[in-house]
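Trainee: here is my input, please return the structure:
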Amino acid sequence: MARRRRRIRKILLGILVLLLIGLLYAAWPGSSTFTVSPETTYATGPIDKEGYVDYVTAVNERLRGNIKPEENANVLIWQALGPHPEGANMPAEYFEWLGAPQPSEAGEYWVSFISFLTDHLKEDFPLRRDELYDREARAMKWPWLLEDEPQIAEWLKLNQKPIAVIREASRRSEYFNPLVPKGRTEEWTPSLLSSLLPNVQLCREVVAILCIEAMLRLEQGNIEGAWEDLLTSHRLSRLLQRGGTLIEMLVGIATEMITVRAELTLLDKGKVTSQQTVTWWRQIQGLPPMSPVVEKLELTERLTFLQTVMLMARYGPAFLESLTESRGGPPPNSSGFRVRFFSHSVNYDPAFRYGNHCFDRLAVALRLPDRGERQNEIAGIIAEIKTRRTEAASPETFIKKEIWGPKFRGEKIGDILVGLLLPAFNKLVDSADRLEQTYRNLHLAFALAAYHADHHRYPETLAELAPKFIDKIPDDLFSGQPLIYRLEGDGYLLYSVGVNGIDDGGQGYDDDPKGDDLVVRMPVPEPKLKKAP
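Mentor: Below you'll find the predicted structure:
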């Protein structure tokens, strides 16, 4: 019995000693848990008073570059949308970076479709919402008359002043959209992931109304006016793609796809001349090139990841909770013994280095010119990242003695964070490739329209278009083979097999049954309303 009591006292004494060591360790000033350098934090400044990198400033300085407010299309976009697009309240720092004042509360600003319908229809809105959104979607890609769509016509009229400002914005040469996390103060900087982008999201609707106006002008016989609307949509889409985030890239891709659908209707219903098609295509070719995905990955996505690692080092594991919760300051339990003990026992340099290593490898893969080779390389990198994440989170890892080493902990934290936070960029790459193939199809559609204008028929084969109407017939980006083309009645069917690489017989996303092919049909099929008025 006495022996048992002595053993218990020894255990208790050992626990007390360990607690004392822990308390001393946590209270000791110690050294930094990470190194500021190009190989680790990538951005080496500016540094705040506690020695942490100000990633918000670092990313915005790089995105802004030498862009002046008078060159920045986004300054005018805000003048069109007003101070609170989608009800957002932007931080004052956002407009400091923009170099322009926040729009005044009073003004003729953009009126969203849902706001217009709610105010206009009042109690009838819930009953007619689906129908009117359906009619709006149809008006974006099919000719319509004012008397047939009175609500859409009134909404279009109400937004004429903002549309005029958007036209002016689309002609500007630069685009800079600052990233300022919501709730940022001198004492607390949230993740860049919490930056608000209401202006970007609303630009989808701006492009929609430009296409709607183009289809109205087409029905009224104003072919050049319709084309000017669509060219404005192209310009705005290209500007959005040059933003720093993947969201801006996705919105820019989506709005270009919307524009292309309306353009095909213009080529079909507009009775265009071959000279018009040549002129219009030259204008499209004169637009700034589509922004590559790799640019977003190398800068904004990289710095967002590195900021997350740094904030983990600063606030401990509680910071991860703040990524999914809206807070007005640092996360709870972000100071004191537990966090100091945690941060002192982790060397974050391996996490920084592994993150940079992954971004570097992906950037190299994304620049490979061959799609098949590029996809294989990306798949290999993603597989490795998933394997390392799984191993880092396994029970076997946490029973290894090395887990007590600061470097080992940093390595495993890096494995987990890369697996959690690396964006689904491979899906964005597929979206960008879809857009690239859509433009190949569109180029052929312009050439086919020019051939039809001169010959009053479509050619038997695409080869007949070169070299007069197109320099070279493009192949299918996804199959590496010639695009599928055949005459059907007085028109034609042209398509790519799409991302899945399977010939779905010319069935695209809007068809029933749905397919993955990227399709051009002439004549353009009239879209059907899902719900009768």
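
Trainee: just want the most central residue of this structure.
Mentor: By CA atoms, centre = their mean, the chain has its centre lying nearest to Ile247, at 2.0 Å.

Trainee: pretty sure it contacts Leu197?
Mentor: Yes. Ile247 sits in contact with Leu197 when judged by CB atoms under 8 Å, with a separation of 5.8 Å. Every C-beta, even on glycine, is put in place using the N, C-alpha and C of the backbone.

Trainee: coming back round to it: how near is the residue nearest to the centre of the chain to Gly414?
Mentor: 25 Å (CB to CB, to the nearest Å).

Trainee: tell me the secondary structure for Arg521?
Mentor: Going by DSSP: H, G, I helix; E, B strand; the rest coil, the secondary structure assigned to Arg521 is strand.

Trainee: quick one: low-confidence parts of the stretch 301-450 of the chain?
Mentor: 317-318, 320-344, 396-404 (pLDDT under 70).

Trainee: can you show me the helices along it?
Mentor: 302-315, 318-322, 337-344, 349-366, 371-392, 395-398, 406-421, 425-455 (DSSP state H, counting those that start in this stretch).

Trainee: for Ser115, which of those is the nearest?
Mentor: helix 425-455 (29.0 Å; CB to CB).

Trainee: what's the following helix or strand after that closest one?
Mentor: strand 484-488 (DSSP states H and E).

Trainee: which strands and helices sit next to that next one?
Mentor: strand 491-496 (3 or more CB pairs under 8 Å, 6 or more residues apart in numbering; DSSP states H and E).

Trainee: can you give the distance of the strand it packs on from its chain's centre?
Mentor: Offset of strand 491-496 from its chain centre (CA atoms, centre = their mean, to the nearest Å): 30 Å.

Trainee: again, but for stretch 294-310
Mentor: 14 Å.

Trainee: contact partners of it?
Mentor: 34, 41-43, 52-53, 55, 58-59, 62-63, 179, 191-193, 244-246, 249, 319, 323, 348, 351-352, 355-356, 359, 362-363, 366-367, 413-414, 417-418, 421-423, 425 (CB atoms under 8 Å, 6 or more residues apart in numbering).

Trainee: 7 Å instead, please
Mentor: Applying CB atoms under 7 Å, 6 or more residues apart in numbering, the external contacts of stretch 294-310 come out as 34, 41-43, 52-53, 55, 58-59, 62, 191-193, 244-246, 249, 348, 351-352, 355, 359, 362-363, 366-367, 417, 421, 423, 425.

Trainee: next up, identify which helix or strand the residue nearest to the centre of the chain is on.
Mentor: Using DSSP H and E, Ile247 falls in helix 246-269.

Trainee: what are the buried residues along whichever helix or strand comes after that helix?
Mentor: Next in sequence after helix 246-269, counting helices and strands by DSSP H and E, comes helix 274-285. For helix 274-285, burial by neighbour count (16 or more other CB atoms under 10 Å) applies to Ser274, Gln276, Thr277, Trp280, Trp281, Ile284.

Trainee: which parts of stretch 300-311 are buried?
Mentor: Within stretch 300-311, judged by 16+ other CB under 10 Å, the buried ones are Thr300, Glu301, Arg302, Leu303, Thr304, Phe305, Leu306, Gln307, Thr308, Val309, Met310, Leu311.

Trainee: correction: stretch 79-97
Mentor: Those would be 79-83, 85, 88, 90-91, 93-95, 97, for stretch 79-97 by 16+ other CB under 10 Å.

Trainee: from the residues you listed, pick the one nearest Glu149.
Mentor: When the buried residues of stretch 79-97 are ranked by distance to Glu149 (CB to CB), Ala80 comes first, at 22.9 Å.

Trainee: which SS class is the closest one?
Mentor: helix.

Trainee: that one against Arg167, yeah?
Mentor: No. Ala80 is beyond contact range of Arg167, at 9.4 Å (criterion: CB atoms under 7 Å).

Trainee: ok, Asn441 - contacts?
Mentor: Asn441 touches Leu494, Ser496, Leu518, Val520, counting by CB under 7 Å, 6+ apart.

Trainee: can you redo the buried residues of stretch 79-97 as a markdown table with pLDDT and distance to Arg172?
Mentor: Listed next are the buried residues of stretch 79-97 as a markdown table, based on pLDDT from 0 to 100; distance: CB to CB, whole Å:
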| residue | pLDDT | distance to Arg172 |
| --- | --- | --- |
| Gln79 | 97 | 12 |
| Ala80 | 98 | 12 |
| Leu81 | 97 | 15 |
| Gly82 | 96 | 19 |
| Pro83 | 95 | 20 |
| Pro85 | 91 | 19 |
| Ala88 | 87 | 23 |
| Met90 | 94 | 20 |
| Pro91 | 93 | 24 |
| Glu93 | 95 | 23 |
| Tyr94 | 96 | 19 |
| Phe95 | 97 | 18 |
| Trp97 | 97 | 17 |
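
Trainee: of all those residues, which two lie farthest apart?
Mentor: Ala80 and Glu93 (21.8 Å).

Trainee: and the gap between the residue lying closest to Met312 once chain neighbours are set aside and Thr245?
Mentor: Sequence neighbours aside, Phe319 is the residue nearest to Met312 in space, at 5.5 Å (criterion: CB to CB, 6 or more residues apart in numbering). The gap separating Phe319 from Thr245 is 21 Å, by CB to CB.

Trainee: likewise Leu462?
Mentor: Taking CB to CB, one finds Leu462 at 38 Å from Thr245.

Trainee: so between these two, which is more surrounded?
Mentor: Higher neighbour count among Leu462 and Thr245: Thr245, with 23 against 20, using other CB atoms under 10 Å.

Trainee: so what's that one up against?
Mentor: Leu197, Lys296, Thr300.

Trainee: distance to Ile385 and secondary structure for those - can I get that in TSV?
Mentor: What follows is the contacts of Thr245, written out as TSV (distance: CB to CB, whole Å; DSSP: H, G, I helix; E, B strand; the rest coil):
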residue	distance to Ile385	secondary structure
Leu197	26	coil
Lys296	18	helix
Thr300	19	helix
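
Trainee: please report how far Asp229 lies from Ala164.
Mentor: 12 Å.

Trainee: so the two - more neighbours on which side?
Mentor: In terms of neighbours (other CB under 10 Å), Asp229 is the more surrounded of Asp229 and Ala164; the figures are 25 against 11.

Trainee: ok, back up a step: hmm, Leu417 and the residue nearest to Met312 touching each other?
Mentor: No. The pair Phe319 / Leu417 is not scored as a contact, 11.1 Å apart, by CB under 7 Å.

Trainee: my guess is Pro406 contacts Ser345. True?
Mentor: Yes. Using CB under 7 Å, Pro406 is in contact with Ser345, at 5.7 Å.

Trainee: can you give me the helices for the stretch 51-200 of the chain?
Mentor: 55-64, 73-81, 92-98, 113-121, 125-139, 150-158, 160-170, 198-219.

Trainee: now find how far off-centre the second one is within its chain.
Mentor: To tie it back to what came earlier, the one meant is helix 73-81. Mean C-alpha position of helix 73-81 versus that of the full chain (CA atoms, centre = their mean) differs by 19 Å.

Trainee: for it, which outside residues touch it?
Mentor: For helix 73-81, using CB under 7 Å, 6+ apart, the contacting residues are 69, 98, 100, 103, 109-110, 162, 165-166, 168-170, 172, 174-177, 199, 202, 239.

Trainee: now, of the residues you listed, which are buried?
Mentor: 98, 100, 103, 109-110, 162, 165-166, 169-170, 172, 174-177, 199, 202, 239.
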